[in-house]
Structures are given as C-alpha cells and as structure tokens.
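Chemist: Next input, structure requested:
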Amino acid sequence: MPVGVSVSTGDVAPREGIAVGGYQCLGTAELRPVVAGRGWSDVHSHSQSGNRVLDGGDASPYEVARSVERAIADGIGLGVLCSVRTARELRATAAGNPCGGTAAVGSRLPANFLIVYQWCPGGVLAGPALGPYFKRDLQLAVPARNWNTVPVLDRLSR
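Modeler: Predicted structure coming up:
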C-alpha cells in the first residue's frame, strides 16, 4: 500500500522540518538509502522537504512511521517524528482544499495533517505557528506541508 511519510523535528512547527531550514538538517541523498534500507520499496523523495512516498506493504501507517523513525535514529543519529498518510488520505487532502482560488500561492497554504488548512497571505513565517499548539495542547505531532508539496505527494502515491 503506498503511503506518504512526513519527517519532522520534535518541535513539529511548520517552519522546522528536516532540511527545510530546521536545526536538524538531513539531505535527500542521505535519507533515502536509510529509509530504503529498512526494506521499504518504491521509496520516492520530494525535494528537500523531508517527505517520502513508499510502499508500506501490509504494515499499518503507525508501523511504517515507527520503522522510519528508528531507521533515521539508528542510521543517522537524529531523533525525528514521522507521520504517515495513506494514498487515500493524501488524495482526500489534495481534493479537499477549502481555500480554492483564494490561496493562489501554494507556499502560503500549509495543510496540517489533522486535517487543518491554514491560509497565510503574508507568508507562513508571518502566520501563527500551529505546531507548538498541536504538540502542547493536543499531544499530537502534526506535520504541515505547504500546498506546493501536497499535490506532489498525492501524485507520487498513485
């Protein structure tokens, strides 16, 4: 079963991801073999975003996330949080954008995978950081990916 894996640092703020200006930078060339080395097939990377699409086989999304977290910790020594969405969930996210034409700049529309769409007309850095709220108050690790990334992950998962 194709799944999308989003890798984030422990802080899970939208602006703090792996190799996206966060404090734990990890390049695609370094991450892909570590994830593939755990036995997952069809591992695809999207840019330097910390996003991977892979075939999770019969494993549950939870099992895939924990396996990728362990692979990164064991192989590279970074403590990260992974969130996994099935291909069906990625399609629903991509199709369910309530902002339509209002959010014309994809980099200013993060989809927080609860699912929460957050339009930031002044840019993501000027918008409220929802990640710390999700972690502190809801006890959830919720990666956010901008709208330029969401449709690509959807396409890769098909």
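Chemist: List the neighbours of the lengthiest helix in the chain that are in contact with it.
Modeler: Counting residues, the longest helix found in the chain (DSSP state H) is helix 61-76. Residues outside helix 61-76 that contact it (CB atoms under 8 Å, 6 or more residues apart in numbering): 3, 5, 7, 26, 30-31, 34-35, 37-38, 40, 52, 54, 56, 59, 78-86. Backbone N, C-alpha and C define where each C-beta goes, glycine included.
Chemist: From Arg32, how far out is Gly56?
Modeler: For Gly56, the distance to Arg32 equals 16 Å [CB to CB, to the nearest Å].
Chemist: returning to what we had before: which positions in the longest helix of the chain come out as buried?
Modeler: Neighbour-count burial for helix 61-76, counted by 16 or more other CB atoms under 10 Å, picks out 61, 64-65, 67-69, 71-72.
Chemist: and it, average pLDDT?
Modeler: In this model, helix 61-76 has an average pLDDT of 84.
Chemist: could you check the angle helix 61-76 makes with the helix or strand following it?
Modeler: Following helix 61-76 in sequence order, the next helix or strand is strand 80-86 (DSSP states H and E). Here strand 80-86 runs at an angle of 140 degrees relative to helix 61-76 (axes from the mean of the first three to the mean of the last three CA atoms, to 10 degrees).
Chemist: Could you check the angle the next helix or strand after strand 80-86 makes with strand 80-86?
Modeler: Downstream of strand 80-86, the first helix or strand assigned by DSSP H and E is helix 87-95. Angle of helix 87-95 versus strand 80-86, following the same axes, to 10 degrees, is 90 degrees.
Chemist: Can you spell out which helices and strands pack onto helix 87-95?
Modeler: Other helices and strands packing on helix 87-95, by 3 or more CB pairs under 8 Å, 6 or more residues apart in numbering; DSSP states H and E, are strand 2-9, helix 150-156.
Chemist: rank these by pLDDT, which is bottom?
Modeler: Among the helices and strands packed on helix 87-95, strand 2-9 carries the lowest mean pLDDT, at a mean of 52.
Chemist: Which SSE is immediately downstream of it?
Modeler: Next helix or strand after strand 2-9 toward the C-terminus (DSSP H and E): helix 28-36.
Chemist: For the residue nearest to Leu156 when sequence neighbours are not counted, the count of nearby residues, please.
Modeler: Nearest non-adjacent residue to Leu156, counting by CB to CB, 6 or more residues apart in numbering: Val53, 4.0 Å away. Neighbourhood size, Val53 [other CB atoms under 10 Å]: 24.
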